[in-house]
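Engineer: no sequence for this one, just the structure:
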């Protein structure tokens, strides 16, 4: 036991050294985040441990096909006050048992444990997929927040330039102090919005760090550039193709089918309870007692062997077997319903993401067109304001319209990109 504890400690220490020595990228791409998370995520490691535990159950089920062997040794001593000396004795035995026929229950148990082991393996894949989706959503949300900070800062720079120009106009008597106060208020509001945008970015980056399980002291920089218009407006895959690929590749559906198969084996195992079982038992034994001569000669004389065959015939078991068969059938029905539910859930998820992608593309096109018009309107209004042809309210209205149009375009862009990447994950592709 001490040897195993030492080896386990060395293995754990090696893992810590490898983790510390692992080089982290200076700037993290989406694939960097996904690969690192899958390799280091605690939930994935727990799923792997469950898989290894399940494989032990497979080995144990296979080992039950082999005979069992046991040995026993007993030594005794007796002392009688009236006797001259103590009496000593010993008994030794070796026995073995082998089940020859049990209605196939052991072989079916092996198949079932192998199915459960495969289900555990698929559980790892499902956990990894869930992690991919979470990483994609948080990474793109962070990219969106990063661009939103840029928009807010640009709007702050614009309002500051307008404020400086307005002060010049006030000195020239072309605008009133009320107009200047409104522009000062708007500039303060823009600075506040920039601060809020930065806080949102910091929160999104924190969530990404937590998903990666990185130390809070690590500076996380995003490597992927902002998506282009070509990325947003590329052709959508066919909806039926996405769903067909998801049905063929998603681990939760494969796992659901294997659960149905395992439940059906339970029916056969329950029916095997109606069949007889046959087992073979054999053993040898010997013993000795003091005062009976040399112990070696006593063992020779007492050496004995035995063998027996046992046949067990179930006749009446208070309805245990019938109940077991019926409950196993109900379990199959439950697993089949779970599988149907998983398919419908998958269909709804694919349908929802597909509609989001199509809708976001349409919104992006409309938002792009609106932004062009709003930018031109804002430019003209700003020029006319400085010429005294537009008032402060009209300028601020156009500026707010510009900010709204920029934000709408950003949202539509990243919603479309996120939907494309989620569709890739559902198809079993790299996001």
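Structural biologist: Yep, that arrived. Note that the coordinates shown come from a computational prediction; the quantities given were computed from them, not determined experimentally.
Engineer: pLDDT on stretch 66-73, on average?
Structural biologist: On average, the pLDDT along stretch 66-73 is 93.
Engineer: got it, and stretch 392-400?
Structural biologist: Per-residue pLDDT over stretch 392-400 has a mean of 91.
Engineer: show me how far it is from its chain's centre.
Structural biologist: What separates the centre of stretch 392-400 from the centre of its chain is 48 Å, taken as CA atoms, centre = their mean, to the nearest Å.
Engineer: for it, buried residues please.
Structural biologist: 392, 395-396, 398-399 (16 or more other CB atoms under 10 Å). Placement of C-beta: from N, CA and C, glycine included.
Engineer: and which of the residues you listed is nearest to residue 302?
Structural biologist: When the buried residues of stretch 392-400 are ranked by distance to residue 302 (CB to CB), residue 399 comes first, at 107.2 Å.
Engineer: do you know how far the closest one is from residue 29?
Structural biologist: 35 Å (CB to CB, to the nearest Å).
Engineer: remind me, longest strand of the chain?
Structural biologist: Using DSSP state E, we find that the single longest strand of the chain is strand 87-101.
Engineer: partner strands of that one, parallel or antiparallel?
Structural biologist: Next to strand 87-101 in the sheet, as set by DSSP bridges, lie strand 68-78 (antiparallel), strand 277-289 (antiparallel).
Engineer: give me the mean pLDDT for that strand.
Structural biologist: 87.
Engineer: and that strand, which residues are buried?
Structural biologist: Residues of strand 87-101 classed as buried by neighbour count (16+ other CB under 10 Å): 89-90, 92-93, 99.
Engineer: output the lowest mean pLDDT helix or strand found in this structure.
Structural biologist: helix 2-21 (a mean of 43; mean pLDDT, DSSP states H and E).
Engineer: could you point out which element follows that helix?
Structural biologist: Per DSSP states H and E, helix 2-21 leads on to helix 30-40 as the next helix or strand towards the C-terminus.
Engineer: tell me how far that following helix is from the chain's mean position?
Structural biologist: Taking mean C-alpha positions (CA atoms, centre = their mean), helix 30-40 and its chain are 12 Å apart.
Engineer: could you point out which element follows that helix?
Structural biologist: helix 42-63.
Engineer: average pLDDT across that following helix?
Structural biologist: 91.
Engineer: by contact count, what packs against that helix?
Structural biologist: helix 105-171 (3 or more CB pairs under 8 Å, 6 or more residues apart in numbering; DSSP states H and E).
Engineer: got the angle for the helix or strand that comes right after the helix it packs on vs helix 105-171?
Structural biologist: Sequence-wise, the next helix or strand downstream of helix 105-171 (DSSP H and E) is helix 177-212. Counting by axes from the mean of the first three to the mean of the last three CA atoms, to 10 degrees, helix 177-212 lies at 160 degrees to helix 105-171.
Engineer: so how far is helix 177-212 from its chain's centroid?
Structural biologist: On CA atoms, centre = their mean, the centre of helix 177-212 falls 34 Å from the chain's centre.
Engineer: and the angle from that helix to helix 30-40?
Structural biologist: Put simply, helix 177-212 runs at 40 degrees to helix 30-40, going by the same axes, to 10 degrees.
Engineer: where does residue 226 land on pLDDT?
Structural biologist: 85.
Engineer: A strand includes it, no?
Structural biologist: No - with DSSP: H, G, I helix; E, B strand; the rest coil as the criterion, residue 226 is assigned coil and is not in a strand.
Engineer: quick one, what contacts it?
Structural biologist: 143, 147 (CB atoms under 8 Å, 6 or more residues apart in numbering).
Engineer: let's see it at 10 Å
Structural biologist: 143-144, 146-147, 150, 410, 413-414, 417 (CB atoms under 10 Å, 6 or more residues apart in numbering).
Engineer: if anything else comes up later, I'll come back, but that's it for now.
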